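[1] whatever this is, show me its structure:
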Amino acid sequence: MKSLFSQNSFPDSYDSLEKIFNNTYNGIVILTLDGDWIKVNNSICELLGYTKHELYNMKIENIVFRDDLGVHATKYERLMQGNIDRYRVMQRYFHKDGSIIWVLISVSLLTGLDGKPSQMIWQFSDITSRKLNQDKLKLMLRVVREQNERLTSFADIITHNLRSHSGNLSTIKGFLEDEFPWMKENDNFALLAKAIDTLEETVSHLTEVAKIKPVEATKLEALNLYEYVEKAIYNVAAIARNTNTTIINDINEDLFIKGIPAYLDSIILNFLTNAIKYRSEDREPQIELTSSQENGYIVFKIADNGMGIDLEKYGDKLFQLYKTFHVNRDSIGLGLFITKNHIESMGGKVEVVSEVNVGSEFSVYFKSAKKDPTESEDSGS
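    All right, here's what the predicted structure looks like:
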């Protein structure tokens, strides 16, 4: 049996190297260039369950999982041609008890006195647990993805059917009112009519919620934040004027975010109308819109001096469906829920700081985008 180490005149060194070789945590084997065992250490025996004698008397391919027999081929060829110094592969082996072991193998060459490759050294690391955990994670992700797809389909079906039924009820209510005008004075019919109207409103809300889905990165467009803010300010100009609300637009005109136009319109408009709706009667309303850049995000901030929100009391419910925090007959607790989902569906996030009777500041993190590539650098000059 050949030995990796030569005693020569250094017996102590030889013994030390032998101890290191045999007691290292990872399995180490020396192979001929044809793949025959030359020397194995104790760790490889523990890993595979065979004694050294058993390993020396079998071909390595006899314990390799059949589908993994060729995993070395391409990299081994490059190694022998001198294109790489070493390589790593994952390969499955059969333990003596019949179980399958995943190992990460690091392969390098040993050269002879003539400088030519003479042997290979393989280092084995047991990654069975890691691979099993990865497979479990992949399975769980696939199950979650399939469940999400089923839930999405279910939501689409439910909202479609509810919309049809509520529409039919509303139509029947209209027919009854036209044919029997006196029914409008009936208290029970009035309750029924109110219930139908409420049902239609609820179905409308659920339909909007069901539409919210993650957006593929390829579907996101480069949108100029300043332009969308200006458009939203124009859309609320009448409300702002009637409430004496001052809106300050300090958005950097050169910032582009990755987004969906309809979503961005809705997000900005919702924050602006909320800031006006929940203004304080103790002072002139003011809304300030600013922007900054942070770690690949454009941070869009909407600060107001309104009523504020008690975050200790409502912080964990702020963006939940049908949660309201102020006495306002127009509040239904839908806007912030949809707005948050629109933001997150585009890969962003939203944060808030607020103090009762001082005001609120929402920070919306949009993914940063480069300037629209269709525009030339000197356009407008």
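
[2] which non-adjacent residue is nearest Glu230?
    For Glu230, ignoring the flanking residues on the chain, the nearest one in space by Cβ to Cβ, 6 or more residues apart in numbering is Asn249 at 6.6 Å. Heads up, the C-betas are built off the backbone N, CA and C, glycines and all.

[3] from Glu284, how far out is that neighbour?
    As for Asn249, its distance to Glu284 is 17 Å (criterion: Cβ to Cβ, to the nearest Å).

[4] have a look at the two and say which one is more surrounded.
    Shown here are Asn249 and Glu284; by other Cβ atoms under 10 Å, Asn249 has more neighbours (15 against 11).

[5] and that one, that's in a strand?
    Yes: looking at Asn249 with DSSP: H, G, I helix; E, B strand; the rest coil, it is inside a strand.

[6] wait, it sits on Ile233?
    Yes: judged on Cβ atoms under 8 Å, Asn249 makes contact with Ile233 at a distance of 6.2 Å.

[7] tell me where the protein has strands.
    27-32, 37-40, 86-94, 100-111, 117-126, 221-224, 246-250, 256-259, 286-294, 297-304, 349-355, 359-369 (DSSP state E).

[8] please report how far Thr243 lies from Ile251.
    From Thr243 to Ile251 the distance is 22 Å (Cβ to Cβ).

[9] higher neighbour count, the two?
    Between Thr243 and Ile251, counted using other Cβ under 10 Å, Ile251 has the larger neighbour count: 20 against 13.

[10] so the more buried one makes contact with Glu288?
    No: applying Cβ under 8 Å as the test, Ile251 and Glu288 come out as separate, 10.3 Å apart.

[11] mind listing what Thr74 touches?
    Residues counted as contacts of Thr74 (Cβ atoms under 8 Å, 6 or more residues apart in numbering): none.

[12] and it, what pLDDT?
    Looking at Thr74, its pLDDT is 92.

[13] and Gly167, by the same measure?
    Here, the pLDDT recorded for Gly167 equals 78.

[14] can you give me the neighbour number for it?
    With other Cβ under 10 Å as criterion, Gly167 counts 12.

[15] for Leu169, same thing?
    If we define neighbours as other Cβ under 10 Å, then Leu169 has 17 of them.

[16] over to Glu77?
    Glu77: 11 neighbours (other Cβ under 10 Å).

[17] if I look at it, how far off is Leu176?
    For Glu77, the distance to Leu176 - Cβ to Cβ - is 83 Å.

[18] next: Asn249.
    With Cβ to Cβ as the criterion, Asn249 and Leu176 are 51 Å apart.
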